[in-house]
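**Q** Fold the following and give me the result.
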Amino acid sequence: MPQTLGVDIGGTFTDFVLFDDNGDAVKVWKNATTPGNPIEGVLTGLKQVADLDGVRVLRLGTTIATNALLERKGARVAYVTTKGFKDIPFIQRGNRRAHYDLSWIKAKPLAKREDCYEVDERLDAQGEVVKPVDPAEVAAMAADMERAGIEAVAVNCLFSYVSPDHERQIRDTIAKALPDMPISISYDVLPKWKEYERSTSTIADAFLKPVVRRSFKAMREAFAGTGIGDRVVVIKSNGGEATLESAAETPIELAVSGPTGGVVAARTLARQLGIDNIVTLDMGGTSTDCSTVVGAEASFTTDFEIEWGVPIQVPMIDIRTIGAGGGSIAWIDKGGMLRVGPQSAGADPGPACYGRGGREPTVTDANVVLGRISPENFLGGAMQLDGDAAHKAVESVADPMGLSSRHAALAIVQIANNNMVGALRTVLLEKGLDPRDFRLLAFGGAGPLHAADLLEVANIPRAIIPPHPGQFSAFGFTMTDARVDRHRTVQQISDKFDRDRATTVLQELVADARAVLEGQGYTSGIEVQRMLEMRYLGQNYELELPFDADGFTEENTADLWQRFHAQHNARFGFAIEGERIETVNMKVALTAIGPKPDLPELAKGDGRVAPVGHRTVAFEAGDEKAGVYDREKLRAGDVIAGPALVEEPASVTLVRPGQTLTVGTYGTMEIAE
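**A** Here you go, the predicted model:
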């Protein structure tokens, strides 16, 4: 039976989920991540696969691009642009992160000003040539780049989103002079208006290309020894898969690869359970990622910032990340206040309770002190925790503050919870979404341990714990499809709308995306989504509307204008009938739908389940004797009253006093007041 293997490389653990294509779970496991060379941790985990020849595809979430951007460990980039515009990446925007902080300094671009080049060329806003490219001028620039030690080139010309001819001429001239030089042009990366966002996105793509190419080459060589090298694909930020070769061509699309798996799995789970709205909480060892599934569809965005004020605008699942995980370190600031994160103990040395030399207190250590994690049954007993080390670590912050270890541990957990509430609010309240309309889907190794606490403070009525929450992101990778997004700016006004031009661009975008999928071997089961970003003429921000046809007719264009008025009224409470509407960007997304595993149904129980033991757990109101349950023994329909702990190999679910946990048909657990 062909199998699909999902692998999620986290900051602390690497997770594996192996599924038969008929939908039956075969195996779920994890092992420690090897920070110096993450692929070593993957190869270690692959030893648990009995028959690698039976693996149809290995889908891998990677943090290679993410880490290179955050740590600024990429290539030395030459930025090439139209004469007079090389300062755009440095001028940035006029807004400030802190209006009254006189010491605030803008984030630096990923290219140095000394490595910026100007070409004396020009296109106008209609794409007509004002001044042609001089190949000799570009060739001289290429020679200077070689002397300067440039490692990659980013080309971004004025109005290139209308016509890519000049960018392509510059690329081809540099490639002829420097055959091995990685080159990114903005028309391939982000053919949209707004020079600054296009410049930063193109520079970031070039910044990543040498890093990703080297890493993928090493990855393929490492996997070649296992015989699975030609079946490895990586997950892009849009939640779709791509071959290593395709992903290396546009590495900026890998900027948020790893966290997408959990959202893809959440979308699948929402559809299977018949739930429209879910807010996800993926709490691992290093960070917590939050996103939403609205109407059983994942939320997408092109709004992502490497650092504040340095945006990249590529299609990606809308995920917000904060430095709050099980390994987040508790510390006392200069004002004597207790803080948690964003620093993390990571996988090496890890929390103090891991017994690997860590001494600083972490959220995991606090949960051990509170009795929520059993030192004897961590990872199903495969890893013995050092409870004494956890207490000593927590005492290091408790003693200076005059607190007991128990109160300090409670404070650490509460601060971590408050940090996560902030992340939940960014994906809900800031977008006008009511938390009361959502269920909290908590996963990651630490998510189920904090879900019950978050229900109270985030005003979310119910929480769902999926099967195998510790490997839920890897589970999502087994469910993903190949997906290609294409965007282009096409500015037109409703009273002068050129339907033929709009149809031509829309069909070009679809054809381009389809060619990419077919180049990766996907020729059937392709679904097409078309969208337009529109606004009233003179507005600064656009609304996105779906467009189902493959071309513009008089009838569907008139319907488009009416739907825009209706959506504007629904979003903002008013519409301006008769006002001119401007189309700004056209977008398409092509997805090659493949086979997916389904969650198997759980055997039915009689609603009653006995605990396998009891443990004293600390809560704010005092200590409680909590029943301890083995998740493997639970059946559909079983009900557990809090306080309780449900243990499984990769996670622990906490049920607070006054809450009830109910086991669902597919093995999910729902917590409610």
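
**Q** all helices for the stretch 101-250 of the chain, in order.
**A** 135-148, 165-177, 186-189, 195-224, 244-249 (DSSP state H, counting those that start in this stretch).

**Q** Which other helices and strands does the third one contact?
**A** It stands for helix 186-189. Where contact means 3 or more C-beta pairs under 8 Å, 6 or more residues apart in numbering; DSSP states H and E, helix 186-189 is packed against strand 152-156, helix 165-177, helix 195-224. Glycine gets a C-beta too; all of them are placed from N, C-alpha and C.

**Q** For it, list the C-alpha coordinates in PDB.
**A** Only the C-alpha atoms of helix 186-189 are listed here, as PDB (Å, rounded to 0.1, in the frame of the first residue of the first chain):
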ATOM      1  CA  SER A 186      10.700  41.400  -9.600                       C
ATOM      2  CA  TYR A 187       8.300  40.300 -12.400                       C
ATOM      3  CA  ASP A 188       8.900  36.600 -11.400                       C
ATOM      4  CA  VAL A 189       8.700  37.400  -7.600                       C
END
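
**Q** any idea of the mean pLDDT in that helix?
**A** For helix 186-189, mean pLDDT rounds to 96.

**Q** Deepest in the core, which of the helices and strands packed on helix 186-189 is it.
**A** For those, the largest average neighbour count (mean count of other C-beta atoms under 10 Å) is found in strand 152-156, namely a mean of 29.

**Q** what ranges of this structure fall below the confidence cut-off?
**A** Within the chain, the ranges that satisfy pLDDT under 70 run 1, 11, 21-25, 347.

**Q** Which parts of it belong to which domain?
**A** 3-67+213-254, 69-212, 482-592, 613-672 (automatic domain parsing).

**Q** will you turn the ones you listed into TSV that also has distance to Ser291?
**A** Formatted as TSV, the domains of the chain follow (distance: least, C-beta to C-beta, whole Å):
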stretch	distance to Ser291
domain 3-67+213-254	10
domain 69-212	19
domain 482-592	16
domain 613-672	18
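
**Q** show me the contacts for the closest residue to Ser215 other than its chain neighbours.
**A** Spatial nearest neighbour of Ser215, chain neighbours left out: Ile64 (4.8 Å); criterion: C-beta to C-beta, 6 or more residues apart in numbering. Counting by C-beta atoms under 8 Å, 6 or more residues apart in numbering, Ile64 makes contact with Val211, Val212, Ser215, Leu254, Ser257.

**Q** Report the contact partners of the first one.
**A** Applying C-beta under 8 Å, 6+ apart, we find Val211 in contact with Ile64, Ala65, Ala68, Lys73, Gly74, Ala75, Pro251.

**Q** roughly how far apart are the first one and Gly594?
**A** What that stands for is Ile64. Separation of Ile64 from Gly594 (C-beta to C-beta, to the nearest Å): 24 Å.

**Q** Please apply the same query to the second one.
**A** Ala65 sits 24 Å away from Gly594 when distances are taken as C-beta to C-beta.

**Q** the more surrounded of these two?
**A** The neighbour count for Ala65 versus Gly594, taken as other C-beta atoms under 10 Å, is higher for Ala65 (28 against 17).

**Q** just checking, that one touches Gly258?
**A** No - with contact defined as C-beta atoms under 8 Å, Ala65 and Gly258 do not form a contacting pair (10.0 Å).

**Q** After the helix or strand harbouring Gly45, which helix or strand is next?
**A** Assigned by DSSP states H and E, Gly45 belongs to helix 38-46. Later in the chain than helix 38-46, the nearest helix or strand by DSSP H and E is strand 55-61.

**Q** Could you give the separation of that next one from the chain centroid?
**A** Taking C-alpha atoms, centre = their mean, to the nearest Å, one finds strand 55-61 lying 18 Å from the centre of the chain it belongs to.

**Q** Tell me what angle the very next helix or strand once past that strand forms with helix 195-224.
**A** As assigned by DSSP H and E, the chain's next helix or strand after strand 55-61 is helix 64-71. Angle, helix 64-71 to helix 195-224, by axes from the mean of the first three to the mean of the last three C-alpha atoms, to 10 degrees: 130 degrees.

**Q** Can you give the distance from the next helix or strand after helix 64-71 to the centre of its chain?
**A** Next helix or strand after helix 64-71 toward the C-terminus (DSSP H and E): strand 77-82. Remark: strand 77-82 is offset 29 Å from the chain centroid, using C-alpha atoms, centre = their mean.

**Q** got it, and stretch 278-287?
**A** With C-alpha atoms, centre = their mean, you get 11 Å for stretch 278-287.

**Q** Check stretch 187-196 too.
**A** 22 Å.

**Q** Quick check: the gap between the closest residue in space to Leu43 that isn't next to it in sequence and Glu195.
**A** Residue nearest to Leu43 in three dimensions, not counting chain neighbours: Ala222, with 6.3 Å by C-beta to C-beta, 6+ apart. Relative to Glu195, Ala222 is positioned 40 Å away (C-beta to C-beta).

**Q** Could I get the CA-only coordinates of stretch 177-185 as PDB?
**A** Listed next in PDB are the C-alpha coordinates belonging to stretch 177-185 (Å, rounded to 0.1, in the frame of the first residue of the first chain):
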ATOM      1  CA  ALA A 177      28.600  37.600 -18.000                       C
ATOM      2  CA  LEU A 178      28.200  35.700 -14.700                       C
ATOM      3  CA  PRO A 179      26.800  32.300 -15.700                       C
ATOM      4  CA  ASP A 180      26.600  30.900 -12.100                       C
ATOM      5  CA  MET A 181      25.100  34.000 -10.500                       C
ATOM      6  CA  PRO A 182      21.600  33.500  -8.900                       C
ATOM      7  CA  ILE A 183      19.400  36.300 -10.300                       C
ATOM      8  CA  SER A 184      15.900  37.300  -9.100                       C
ATOM      9  CA  ILE A 185      13.700  39.700 -11.100                       C
END
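
**Q** rewinding a little: generate TSV for the helices and strands packed on helix 186-189, with distance to His568 as supplementary columns.
**A** What follows is the helices and strands packed on helix 186-189, written out as TSV (distance: least, C-beta to C-beta, whole Å):
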stretch	distance to His568
strand 152-156	32
helix 165-177	35
helix 195-224	24
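
**Q** farthest residue from the center of the protein?
**A** Here the chain reaches farthest from its C-alpha mean at Ala136, the gap being 42.9 Å by C-alpha atoms, centre = their mean.

**Q** Skipping adjacent residues, who's closest to Glu253 in space?
**A** Lys236 (4.7 Å).

**Q** For that neighbour, which residues are in contact?
**A** When contacts are counted by C-beta under 8 Å, 6+ apart, Lys236 is found next to Ala242, Ala247, Glu253, Leu254, Ser257, Thr260, Met316, Arg483.

**Q** Equivalent analysis for Gln414, please.
**A** Per C-beta under 8 Å, 6+ apart, neighbours of Gln414: Asp453, Glu620.

**Q** secondary structure element for it?
**A** helix 405-427.

**Q** burial measure for Glu112, as a count.
**A** Just so we're on the same page, residue 112 is Lys rather than Glu. 14.

**Q** try His568
**A** Per other C-beta under 10 Å, the neighbour tally for His568 reads 21.

**Q** Quick check: it vs Glu542, distance?
**A** Taking C-beta to C-beta, one finds His568 at 11 Å from Glu542.

**Q** can you check Phe619 too?
**A** Distance of Phe619 to Glu542, computed by C-beta to C-beta: 47 Å.

**Q** More neighbours: which of these two?
**A** Neighbour count, other C-beta under 10 Å: between Phe619 and Glu542, Phe619 has more, with 18 against 15.

**Q** That one contacts Arg656, correct?
**A** Yes - contact criterion C-beta under 8 Å: Phe619 and Arg656 qualify, at 6.8 Å.
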